[in-house]
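S.K.: predicted model and sequence follow; I will ask about them next.
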Amino acid sequence: MAVLKNLPRTGWRFQGIKDGESVADHCYRVSLLSMILADMLATHGVRLDAEKVMRMALLHEVAEARIGDIPFPALEYIPENVKERGEDKAVKSMFEEFGTVGEKYIEIWEEFESNSSVEGQVVRAADKLELMIQAYEYEKVGYRSLDKFWGNNSNWQGVKQFAQIQEILDLLLERRQEVLGTCVKRLES
């Protein structure tokens, strides 16, 4: 799994960001966001298993240790079911030697992939929220080729079902407009 520390998130590379975050960087912040979101949602009456949320967040990108980070544009050429089968095979091969513990990890990862539980939905929302936070951070330091991320509807899926997470995303969008507006004002000066 240490390979994730050295594996760049390729979507950023496609946008010209040479020293972008690694998959491990992404997973760490998804885990933090998942913890915070789970606790926040629980205070608003959402029933969930916070421990499962954390385990799921830690495991959500584990297949990439074997198959790499396949960016969204590649799915135009690689059918989604091929990617899914590859990830499934990778995860099973990674944990099959762990016995019942490995079976538990595989089950948690499969639950995330199927998006079949509130825990999986929270982690998926955290995954998308983290992506958009990272896009915002890159724009803050001057990258301007990231509109594709903001305009990609799949990056907004799963967020709207949780009003509190949607509020966070709305705030992020406001801040993005401020950053972009500041850049335009500087160019006009």
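M.R.: That came in fine, so what should we check first? Numbering: from 1, shown residues only.

S.K.: from Arg175, how far out is Ala148?
M.R.: Actually, residue 148 is Lys. It isn't Ala. Between Lys148 and Arg175 the computed distance is 19 Å (Cβ to Cβ, to the nearest Å). In this view, the C-beta of every residue, glycine as well, is placed from N, C-alpha and C.

S.K.: ditto for Glu139
M.R.: Separation of Glu139 from Arg175 (Cβ to Cβ) stands at 10 Å.

S.K.: which one of those two is surrounded by more residues?
M.R.: Counted by other Cβ atoms under 10 Å, Glu139 and Arg175 do not tie: Glu139 has more neighbours, with 20 against 14.

S.K.: let me see the contact set for that one.
M.R.: 146, 176, 179-180 (Cβ atoms under 8 Å, 6 or more residues apart in numbering).

S.K.: from the residues you listed, which two are the most distant?
M.R.: Spatially, the most separated pair among these is Leu146 and Val179, at 11.1 Å (Cβ to Cβ).

S.K.: show me which of the two is the more surrounded one.
M.R.: More crowded of Leu146 and Val179, by other Cβ under 10 Å: Leu146, with 20 against 15.

S.K.: could you find the closest non-adjacent residue to the spatially most central residue of the chain?
M.R.: In the chain, the residue lying closest to the centroid (Cα atoms, centre = their mean) is Asp127, at 2.5 Å. Closest residue in space to Asp127, ignoring its immediate chain neighbours: Val30 at 5.3 Å, by Cβ to Cβ, 6 or more residues apart in numbering.

S.K.: what about that neighbour, which helix or strand?
M.R.: Here Val30, judged by DSSP states H and E, is contained in helix 23-43.

S.K.: only the buried residues of that helix, if you could.
M.R.: Using 16 or more other Cβ atoms under 10 Å as the test for burial, helix 23-43 gives 23-31, 33-35, 37-38, 41.

S.K.: equivalent analysis for stretch 123-143, please.
M.R.: For stretch 123-143, the neighbour count (16+ other Cβ under 10 Å) marks 123-136, 138-139 as buried.

S.K.: repeat that for stretch 65-77.
M.R.: Result for stretch 65-77 [16+ other Cβ under 10 Å]: buried residues 65, 69-70.

S.K.: these two touch, right, Asn115 and Val123?
M.R.: No. Under the criterion of Cβ atoms under 8 Å, Asn115 lies out of contact with Val123, with a separation of 9.2 Å.

S.K.: what's stretch 140-158 in contact with?
M.R.: Under Cβ under 8 Å, 6+ apart, the answer for stretch 140-158 is 11, 15-17, 72, 115, 121, 124-125, 128, 131-132, 135, 138-139, 169, 176, 179, 183.

S.K.: looking at the contacts of Glu139, which are in strands?
M.R.: Among the contacts of Glu139, no member is found in strands (DSSP state E).

S.K.: closest to Gln164 among the residues you listed?
M.R.: Closest approach between those and Gln164, by Cβ to Cβ: Arg176, at 19.3 Å.
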